[in-house]
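# Fold the stuff below for me.
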Amino acid sequence: MDLDVTLLIQMALLVVLMNTFGPWLFTPVLHVLQQRQHRIHGLAREVAQLDKMSAADRQAYTLKLQAGRREALAAREAARTRGREEARSLVNAARNEQAAAQAEVRARLKAQEMTMGAELRAAVPALAQALSDKLAGSAPTA
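The predicted structure is shown next:
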């Protein structure tokens, strides 16, 4: 191998320069790199903590959303039940009103039937006399 003396001198100078200027050049750079690594690890821990918090918030949100949906469903069912009851009440009221109107009309018709029947019974002797006179061929008497 061709090892030259200048290579050994350059290596020795590099070691001397690194030891001489190391505290001013390399230590601050290493310190900055170390701080950066600490910040990255701190941020990673913070991200993990935020992930846990967001998972907890997401779970709480989901639970609240489900509770709201159950509450809305219960309110909807209650409103449906009230609506059905009100509809039944209105139908029953209409039926009762219609039954009362029918009873009133039937009572009026019965009264008219009784009146007309009485009028016809009263007119039967006169009608019978007129019919018998007509059949007998004589002129009706008034």
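# buried sites along stretch 94-108?
Across stretch 94-108, burial judged by 16 or more other Cβ atoms under 10 Å covers no residue at all. For the C-beta atoms, the positions are set from N, CA and C on the backbone; glycine is no exception.
# Backbone dihedrals for the residue nearest to the spatial centre of the chain, please?
Nearest to the mean C-alpha position of the chain, by Cα atoms, centre = their mean, lies residue 72 at 5.3 Å. The phi/psi pair for residue 72 (degrees, to the nearest 10) reads phi -70, psi -40.
# tell me the strands in the chain, going along the chain?
With DSSP state E as the criterion, the chain has no strands.
# pLDDT weak spots in this protein?
Judged by pLDDT under 70, the chain has its weakly predicted residues at 1-2, 138-142.
# same thing but at 50, please
By pLDDT under 50, the chain has no low-scoring segment.
# can you tell me how far the residue nearest to the centre of the chain sits from residue 65?
Applying Cβ to Cβ, to the nearest Å, the value for residue 72 to residue 65 is 10 Å.
# Same question for residue 79.
From residue 79 to residue 65 the distance is 21 Å (Cβ to Cβ).
# Ok, residue 119 next?
Taken as Cβ to Cβ, the span from residue 119 to residue 65 is 80 Å.
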